[in-house]
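Engineer: predicted model and sequence follow; I will ask about them next.
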Amino acid sequence: MEIPMGLKKVAVLCVLRCGDKFLLLKRNKDPHKNMHTPVGGKLEPFEEPEKAVKREVLEETGININNVGFFGILTETSPVKFNWINYIYVSDIEYIDPPLCNEGVLEWIDVKNLEKLNTPKTDYFIYEYVKEKKFFIFEALYNENIELLKLIEKMSGKGLV
């Protein structure tokens, strides 16, 4: 089923964490090609977000996660096809060698190096809130080139970008 342009798609993202390292995906396709992002994907019809995040992590990494914590929501709005509601989760896992992934390359990134990482701007804030163990609701507004114009933390009303 084709989703009408402008209608929000629903996705899940999972920050896989081992101590002070995050297992992130350097994507090999759009959106965010060649950028590091959490593992994730779209919800299937009638699927609950927590079940979707477990399925997506298993499909993309081969890792079966049981302990998953909900951290927040990122809503993304643009005048083009890039319109999402993202449920953000965190799962603490044991260190493993990064498995192969058909979505890109999985890499362990030390939290001290996150600010130097090529990642979507919204994700820097997600990582900061995860490190601080703070729940969040972010609203991101983009232009037609998917350039971030504004990022608002809705619980405080504070503009982050």
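Structural biologist: Noted; the coordinates are in hand.
Engineer: what ranges do the strands span in this protein?
Structural biologist: Counting by DSSP state E, the chain has strands at residues 9-18, 21-27, 36-37, 39-42, 69-77, 84-92, 100-101, 104-110, 136-142, 148-153, 158-159.
Engineer: contacts for the first one?
Structural biologist: Read it as strand 9-18. Contact with strand 9-18 is made by 3, 22-24, 37-43, 49, 52-53, 56-57, 61, 63, 65, 68, 71, 74, 83-95, 108, 126-127, 130, as judged by Cβ atoms under 8 Å, 6 or more residues apart in numbering. (Glycine included, C-beta is placed from N, CA and C.)
Engineer: just the buried ones from those, in PyMOL syntax?
Structural biologist: In PyMOL, this line selects whichever of the contacts of strand 9-18 come out buried by 16 or more other Cβ atoms under 10 Å:
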select buried, resi 22+23+24+37+38+39+40+41+43+49+52+53+56+57+61+63+65+68+71+74+83+84+85+86+87+88+89+90+91+93+126+127+130
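Engineer: can you say which of the strands of the chain is nearest to Leu117?
Structural biologist: Nearest to Leu117 among the strands of the chain is strand 36-37; the distance by Cβ to Cβ comes to 5.2 Å.
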